[in-house]
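*Asks:* heads up, no residue letters with this:
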């Protein structure tokens, strides 16, 4: 019996990719240096810089506001522009404003959480700052579907460390054999959960096949009832209609 379903937040329930993409459109308008790059190039470079600085914030080596400004100083440097503090700060503020305006759930997230809750506790396990993640959940109306929130800042550990998954299980009052983890990061969500003895379902948003054949993969959170049956370990007929929602093993 599944008593707890653990979910990642960013790019599993909350659509960070969409927000970042929309915010970077605003950044492109601030300086002509970005116009010579394809949107995908700019997104990839921004994502690499963001991830590196995110690790510094999580470890306490840099505060969040400083990291946001430094992110754009590095992005300008990548584009070949020497950026002063003023330009980096203005760009960070413009990005943040547009990011906040674009916040939304991953399609189908609320419906899936609502479908899960009559059967099991909903537990969100996320690598980020507590206030930031609580605000995302509230803004998207997902907080009312969440029973337990475990965030690396307050937990003192980050995925894929199996201890953060064990902490989530402890707070949910469930054992590893009674839980399932759903997330988009193979390294953090799938490998981390499996190291803690938890069955994992990989959410492959771009359609990539799972590196391991024994891990179930979903390509969408819809239809909710099909995803729910897979999470609960029930037989699921593969669905191939648009939008892509195939549930495969």
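*Replies:* Okay, I see it. Since the model is a prediction, treat every value here as computed from it, not as a measurement.
*Asks:* make it CA atoms for all contacts and neighbour counts henceforth
*Replies:* Fine.
*Asks:* low-confidence stretches in this structure?
*Replies:* Low-confidence segments of the chain (pLDDT under 70): 236-249.
*Asks:* can you list contacts of the top helix by length along it?
*Replies:* Ranked by residue count and defined by DSSP state H, the top helix of the chain is helix 39-58. Helix 39-58 is contacted from outside by 20-21, 24, 34, 62-64, 67, 71, 74-75, 78, 127-129, 152-153, using Cα atoms under 8 Å, 6 or more residues apart in numbering.
*Asks:* just the buried residues of those residues.
*Replies:* Buried by 16 or more other Cα atoms under 10 Å: 20-21, 24, 34, 64, 67, 71, 74-75, 127-129, 152-153, out of the contacts of helix 39-58.
*Asks:* give me the buried positions along stretch 143-150.
*Replies:* 143, 145-146, 148-150.
*Asks:* quickly name whichever of the residues you listed is closest to residue 97.
*Replies:* Of all the buried residues of stretch 143-150, residue 97 sits closest to residue 143, with 22.2 Å by Cα to Cα.
*Asks:* could you find the closest non-adjacent residue to that closest one?
*Replies:* In this structure, residue 143 finds its nearest non-sequential neighbour in residue 137, 4.9 Å apart by Cα to Cα, 6 or more residues apart in numbering.
*Asks:* can I take it that that neighbour is in a helix?
*Replies:* Yes: looking at residue 137 with DSSP: H, G, I helix; E, B strand; the rest coil, it is inside a helix.
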